[in-house]
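>>> heads up, no residue letters with this:
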């Protein structure tokens, strides 16, 4: 009986390991080392996305770090009714990329990735690359301009062009932290290969 249960326990342990965030998220080398499995390698997935869309790996990974902290099931916190009753969420953002339902649907339609899931790292990193590339085409932001790519990621291309972000000091601070993380990841990436 114990021998029959062993394969199921091993499979359960493998699946559980995939559904949690890495412990060390501020070091890209540690993130990639922690998620370098036989079937799923975050580094290979990120590098594939960079080749496909031209968005540098540090910007891709900084997006995921900023949006979800590498949490596969991340969602915005619920609003409170009467200050204490959990109520609705402010948006449909979900998963590693915090993609909204409508934007994710558009991505699936545009890329033909109908089976893609926001909770799958490879799918989410591909979405991030695709969305940054789309925003770059619409707004003219260079693919290596982390600060402005994040503003467009958060505001959407139309919101970015309208300048919606200019009156949002918190968003600008977040974009600066994002830029700093992308620079840090870039520096670390040069040393970890």
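Arrived safely, thanks for sending. Keep in mind the model is a prediction, meaning the values are calculated, not measured. Numbering: from 1, shown residues only.

>>> please make it C-alpha for all contacts and neighbour counts, starting now.
Noted.

>>> elements contacting the helix or strand where residue 48 lies?
Assigned by DSSP states H and E, residue 48 belongs to helix 42-53. Contact partners of helix 42-53 among helices and strands, from 3 or more CA pairs under 8 Å, 6 or more residues apart in numbering; DSSP states H and E: helix 57-68, helix 121-139.

>>> pick the most deeply packed of these.
Across these, the average number of neighbours (mean count of other CA atoms under 10 Å) peaks for helix 57-68, which reaches a mean of 24.

>>> burial of residue 112, as a residue count?
10 (other CA atoms under 10 Å).

>>> report pLDDT for it.
pLDDT, residue 112: 96.

>>> show the backbone phi and psi for it.
phi 70, psi 20 (degrees, to the nearest 10).

>>> re the thing from before, next, format the helices and strands packed on helix 42-53 as CSV and append distance to residue 96 and mean pLDDT.
Formatted as CSV, the entries for these read as follows, by distance: least, CA to CA, whole Å; pLDDT from 0 to 100:
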stretch, distance to residue 96, mean pLDDT
helix 57-68, 5, 97
helix 121-139, 6, 98
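
>>> the helix holding residue 48: how far from the chain's middle?
13 Å (CA atoms, centre = their mean, to the nearest Å).

>>> now do the buried residues in it.
Neighbour-count burial for helix 42-53 flags 42-43, 45-50, 53 (criterion: 16 or more other CA atoms under 10 Å).

>>> want to throw the helices and strands packed on helix 42-53 into TSV with distance to residue 108?
Below are these laid out as TSV (distance: least, CA to CA, whole Å):
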stretch	distance to residue 108
helix 57-68	19
helix 121-139	9
